[in-house]
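# Quick one, fold the following:
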Amino acid sequence: MSIAKHYETGESLPEDIYSKLLATRTFRAGSYSLRQVILIWSCTRSMYLGGSESIYDVDQRISQKTQVIPPLQEDRFLCGFSHIFAGPYAAGYYSYKWAEVQSADAFSAFEDAGLDDIKGLCFEQAMKETGKKFRETILALGGGKAPLDVFVEFRGREPSPESLLRHNGLLAVSV
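Residues are numbered from 1 along each chain as shown. Down below sits the predicted model:
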């Protein structure tokens with residue numbers, strides 16, 4: 001709200017408009033996450049094959065568990081999803097979601113340091129310390145160490161999906 005002011009009058013953004021803007025940030029976040037899960041599984045469907053099931057049977061079975069509206073029986077999305085046929089890229093498709101998990105968790109280090117308490121007495125020092133640690137680990141060690149080791153060095157633990165779920169409005173915020 002400190003930067004949401006009218007350019008001529010300086011009037012603050014009305015609270016109801018701010019609330020609506022905030023709500024759009026997480027609109028359909030669950031659907032988007034499920035879509036990513038479906039695409040990840042699409043790239044790894046061959047692992048689910050067995051017995052007399054066709055790839056389309058497997059697609060239907062997985063879709064029943066992950067989609068709000070099940071696909072039509074004649075759906076052949078798999079035929080047009082080029083990532084499946086893109087060689088080694090297909091196996092790494094999950095990395096999109098994994099990158100989101102790590103990004104949200106890294107950002108939460110700044111939240112933990114008091115990002116939302118800009119007027120707090122320790123804000124500036126905590127942000128400097130967290131920023132310095134981020135620079136010395138994530139940015140400086142980038143490709144020089146295994147990514148998981150770099151993340152653990154920054155956060156002191158392995159990545160957790162909690163921050164991503166919270167940022168997407170899919171996990172209750174503790175007050």
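# wait, is residue 8 part of a strand?
No. Assigned with DSSP: H, G, I helix; E, B strand; the rest coil, residue 8 falls outside any strand and is coil.
# For it, grab the count of nearby residues.
Residues within reach of residue 8, counting by other C-beta atoms under 10 Å, total 6. (C-beta placed from N, C-alpha, C; glycine too.)
# got it, and the one 4 residues further on?
In terms of burial, residue 12 registers 12 neighbours under the definition other C-beta under 10 Å.
# What of residue 150?
Residue 150: 19 neighbours (other C-beta under 10 Å).
# where's the helix or strand in which it is found relative to the chain centroid, distance-wise?
Assessed by DSSP states H and E, residue 150 sits inside helix 147-155. Offset of helix 147-155 from its chain centre (C-alpha atoms, centre = their mean, to the nearest Å): 18 Å.
# and what of stretch 11-29?
Stretch 11-29 has its C-alpha centroid displaced from the chain centroid by 20 Å (C-alpha atoms, centre = their mean).
# And the next helix or strand past the helix holding residue 150?
Helix 147-155 is succeeded, C-terminally, by helix 162-167 (DSSP H and E).
# what about that next one, average pLDDT?
Mean pLDDT, computed over helix 162-167, is 94.
# that older thread, may I see the buried residues of the helix holding residue 150?
By neighbour count on 16 or more other C-beta atoms under 10 Å, the buried set for helix 147-155 is 150, 151, 154, 155.
# do stretch 105-125 as well
Within stretch 105-125, the residues that count as buried by 16+ other C-beta under 10 Å are 105, 106, 108, 109, 113, 114.
# Would you state the helices of the chain in chain order?
15-24, 29-43, 55-66, 77-80, 88-91, 95-112, 123-134, 140-141, 147-155, 162-167 (DSSP state H).
# Just the pLDDT at residue 104, thanks.
The model's pLDDT for residue 104 equals 96.
# and if you look at residue 90?
63.
# What of residue 101?
Residue 101 is given a pLDDT of 95.
# mind checking how far it is from residue 167?
From residue 101 over to residue 167 the distance is 10 Å, taken as C-beta to C-beta, to the nearest Å.
# one step back: okay, the helices of the chain, which one's buried deepest?
Comparing the helices of the chain by mean neighbour count (mean count of other C-beta atoms under 10 Å), helix 162-167 ranks first with a mean of 18.
# what's that one packed up against?
In this structure, helix 162-167 makes packing contacts with helix 95-112, judged by 3 or more C-beta pairs under 8 Å, 6 or more residues apart in numbering; DSSP states H and E.
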